[in-house]
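[1] make a model of this:
(chains A and B)
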Amino acid sequence: MNVPILQMRGITKTFPGVKALQDVTLDVNRGEVHAICGENGAGKSTLMKVLSGVYPHNSFDGDILFENEPCEFNSISDSEKRGIVIIHQELALSPYLSIAENIYLGNELANNGWVDWRKTNLEAAKLLARVGLSENPVTPIQHISVGKQQLVEIAKALSKEVKLLILDEPTAALNDEDSDHLLDLILHLKGQGVTSIIISHKLNEIRKVADAVTIIRDGKSIETLRLDQGQITQERIIRGMVGRDLESLYPDRTPNIGEEVLRIEDWTVQHPQDHSRIVVHNANLNVRKGEVVGLAGLMGAGRTELAMSVFGRTYGRAVSGRVYKYGEEIDTSTVSDAIDHGIAYATEDRKHYGLNLIEDIKRNISMAALNKLAKRGWVDGNKETTIANHYRKSMNIKAPSVAAITGKLSGGNQQKVVLSKWMFSDPDVLILDEPTRGIDVGAKFEIYTIINELAAAGKAVIVISSELPELLGICDRIYTLSAGHITGEVPIAEATQETLMHFMTQEKE
Amino acid sequence: MSALRESLGFLTSRLRQVGIFVALILIVILFQVLTNGILLEPQNVSNLVVQNSYILILAIGMVMVIIAGHIDLSVGSIAGFIGAVAGVMIVHWGWAWWLAIPACLLVGALVGAWQGYWIAYVGIPAFIVTLAGMLIFRGLTLITLKNQQITPFPNELRALGGGFLPDISGGTSVLEWLTVILGVGGTAAILFQAIKERRVRRKFNLENEPMAWFAVKNGFIAVLMLIITFLLASYRGTPIVLIVLAALVILYSALMNNSIFGRHTYAIGGNLHAAELSGIKTKKVTFRLFVNMGVLAALAGLVFTARLNSAQPAGGTGFELDSIAAAFIGGAAVQGGIGTVAGAMIGGLIMGVLNNGMSILGLGTDYQQLIKGLVLLLAVGFDIFNKNRTGAGGGSSLSRRFKWKTTPPATEATKPAKTEPVRVDAK
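    Have a look, this model is predicted:
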């Protein structure tokens, strides 16, 4: 039964100064779901770019055999002709075009250069049925959710008669329900003979769908684990990825909780465009000194919207409610007011909202509190470098120096720069939105440790996360949100995934 | 050997910076040969400085606007308009120069505030606002001048365009000694600053450029400064406008590197949303950038008018293109966030030497425009080629830029998925 469909042998790819891949081997059998695991920067995405022709065949060493024939791809279209389709982490859909137009983008159903719209929409509808998406093919992409957009990407792949489907972190932006649906679809396609390669950080997903797991570490293929040999276990994968056993995923925590620092009362936020929609309803919550408070909720529950509307009204309109700090009402209606009152918000999307990727580490760290380094508007560059060096050391930011460009750092190190930036602004309350999204296991542990230390230093910390085990591992108290309502407040001693999920899915009338 | 390899590696990693330097030298050598040595004759060098000064003044403001991710198409019209205003104030109303100059700069600031308001607070893309400004202020120039030139201007104002620092030897020496003192002093100051900076970087464990490159680069700059000093000193000395320009370059370089305002400008151009979420008052910074651009455009207009000794209806036409080209040739990034005042000055000099050299050769404006256009295209093309080669992205920077201007990237707020309440029972 184990017929190989893809064999990659001795793949070595170097960038100026860096060996991204070193003698990597990958064997994928026909009709299996093959997971690729590894820490950020391990070389997973590079390997897939080699496979799909993003890097032309003479820019790396090694051989690729697909269906027993050697491949020399010079571009993505070459690999697509052979039935290899890659779906990137950032979806490549055009928001203003319809679902059908997106599916056939670059591959239009046309007669002599004129698009056959009837056929396009009919065929698109058939493909949508195959991926289990009940949407009208003429709906613009921007009107459907990210989860559904992901399905459109898969429909697009199917339109190209895909034999090998590569998914790069397909569920990173999806909620649990959409993730489940997507994973079911991958299994369904497997039944139809489509082989899949899935890159993922989420070990429970891998256990659910993968027949084999290849682990990549530091640009080398470490081992391939096979389900039929009983090798796929969480411990085994983690050990392979980090090269050591992780005794615990979370650092020990002994909370030392003091007085209330921040209290939010009757907080209500309208949707910025659709004024009839209330995104946050009369939310009340508080956080105390030295406490780590979690905000749990499914996607769309209003967690980020709540945090951003408090942080300088950066989300929503007609925001009403009161914010108290140490019992006194404060005004947080602009970001600089919020910062002045000692509130910091580290975004969930560090690349688009957190960092200036073309600037170096030190200037990113100083960005939110330049006035602390300046006299009469002039910045003290030496002091800035000293401060940045301090954070590089204390936060263990891995970079040649603080003059390194942040865009070239790995996700975990970028997140440490974002955290350094907010720590330097010396806040009393830190709101961390998905602080470990897209970063690897080892760096996650470091981030948790930093959160612990912040709380120990007397900061009040609010953590927003989609990963319930993470909240259970690091918080002292967890609020749950559902459809804009705070539906529960659970002390950590009473919290389990089941109780939280119960509150998170509760509907308020 | 390893030092050599290190230097070579460094050079390829900074191909853009090195390239622009080499390009300037090659262009100077080329025209020096083609013009049989006229290019570097003392009188021509003096002319070159004065002729290009207003473009260089504009390029300072322009590179700042471009770093913030905007553009300004109106500076030529504003310069023309301020020339007309100066003409009315000084020639028609008889205002003294010391009153008219600040008044003109103030009018420039108001013009900048007008445009900055629409761009920063109303949110109209700078491309549109300044395209409108280009028409509006050209129209106002014509109205103010009633379609006729105004002339002549008093000598005090004309000195701004064509005057020189006084000769302290009283005409007894072949060289202008004041110029020599300023030139040598300035060179020493630049070298001192460079060495100091290198020491500081070493002290803070930041990577330094290889010693060989550091020595070659600063040696070259010093020799270049001394040659120019000598050439100026053997003609009529230091043009007054060069002192103004030098002061502006020093002030604005420091402002962009070391002031909160400058840092915020880079932050806005690098990532507008991250800047906003870091508490930077992005609208205020943008507004101020355009006010500043207005003041510098006014100054350029005054220098230009002073040089021609007349305010003309078509004055300043095309300045915007030369100053934008200077900024981009000097390494500013089309998508914002990257660029330096010094780079824009070198870019402006390349354009200036090309203009001047081709004029001496007797090439018509037809060929001059053709060649300048190609140089701009090659410079930015090289930039993007270089970025793609090193994998830093940038190929689609232009489309990104315009998308950015018209539709702000989807925030969490506008992503439909985030705000659609998820119903788990929907299965």
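
[2] hey, let's count contacts and neighbours off CA atoms from now on
    Will do.

[3] residue at max distance from the center of chain A?
    In terms of distance from the mean C-alpha position of chain A, A:N112 ranks first, at 42.4 Å (C-alpha atoms, centre = their mean).

[4] not counting its neighbours along the chain, what's nearest the residue minimising distance to the centre of chain B?
    The centroid of chain B falls nearest to B:A59 when counting by C-alpha atoms, centre = their mean (2.0 Å). In this structure, B:A59 finds its nearest non-sequential neighbour in B:S323, 4.6 Å apart by C-alpha to C-alpha, 6 or more residues apart in numbering or on different chains.

[5] can you get me a residue count around that neighbour?
    Using other C-alpha atoms under 10 Å in any protein chain shown, B:S323 has 30 other residues around it.

[6] element containing it?
    Per DSSP states H and E, B:S323 falls inside helix B:319-329.

[7] show me what that helix is packed up against.
    Applying 3 or more C-alpha pairs under 8 Å, 6 or more residues apart in numbering or on different chains; DSSP states H and E, one finds that helix B:319-329 contacts helix B:42-67, helix B:75-87, helix B:341-361, helix B:365-389.

[8] so which of those helices is the most surrounded?
    helix B:75-87 (a mean of 32; mean count of other C-alpha atoms under 10 Å in any protein chain shown).

[9] and the contacts of that one?
    Applying C-alpha atoms under 8 Å, 6 or more residues apart in numbering or on different chains, the set of residues contacting helix B:75-87 from outside is B:58, B:100-101, B:104, B:107-108, B:111, B:133-135, B:137-138, B:140-141, B:144-145, B:150-151, B:153, B:293-294, B:297-302, B:304-305, B:310-320.

[10] between helix B:42-67 and it, find me the angle.
    Counting by axes from the mean of the first three to the mean of the last three C-alpha atoms, to 10 degrees, helix B:75-87 lies at 120 degrees to helix B:42-67.

[11] heading C-terminal from helix B:75-87, find the next helix or strand.
    helix B:97-116.

[12] am I right that A:Q7 sits in a strand?
    Yes - remark: A:Q7 belongs to a strand, assigned using DSSP: H, G, I helix; E, B strand; the rest coil.

[13] from A:L165, how far out is the residue in the stretch 51-200 of chain A that chain B sits nearest to?
    Residue nearest to chain B within the stretch 51-200 of chain A: A:S145 (4.0 Å; C-alpha to the nearest C-alpha). As judged by C-alpha to C-alpha, to the nearest Å, A:S145 and A:L165 stand 22 Å apart.

[14] same drill for these two, tell me which one is more crowded.
    Shown here are A:S145 and A:L165; by other C-alpha under 10 Å, A:L165 has more neighbours (23 against 17).

[15] quick check: which element contains the more buried one?
    Following DSSP H and E, one finds A:L165 within strand A:164-168.

[16] report the distance from the helix holding B:S323 to the chain centre.
    Helix B:319-329 sits 7 Å away from the centroid of its parent chain (C-alpha atoms, centre = their mean, to the nearest Å).

[17] mind listing what's buried in it?
    With burial defined by 16 or more other C-alpha atoms under 10 Å in any protein chain shown, the residues of helix B:319-329 counted as buried are B:319-329.

[18] may I ask which two of those residues are separated the most?
    B:F319 and B:I329 (15.2 Å; C-alpha to C-alpha).

[19] ok, back up a step: mean pLDDT and distance to A:L430 for the helices and strands packed on helix B:319-329 - can I get that in JSON lines?
    Listed next are the helices and strands packed on helix B:319-329 as JSON lines, based on pLDDT from 0 to 100; distance: least, C-alpha to C-alpha, whole Å:
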{"stretch": "helix B:42-67", "mean pLDDT": "94", "distance to A:L430": "31"}
{"stretch": "helix B:75-87", "mean pLDDT": "97", "distance to A:L430": "44"}
{"stretch": "helix B:341-361", "mean pLDDT": "92", "distance to A:L430": "37"}
{"stretch": "helix B:365-389", "mean pLDDT": "83", "distance to A:L430": "37"}
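
[20] relative to A:V3, which of those helices is closest?
    Here helix B:365-389 is closest among these (C-alpha to C-alpha), at 38.6 Å.

[21] and the closest one, what does it pack onto?
    Applying 3+ C-alpha pairs under 8 Å, 6+ apart, one finds that helix B:365-389 contacts helix B:15-34, helix B:319-329, helix B:341-361.
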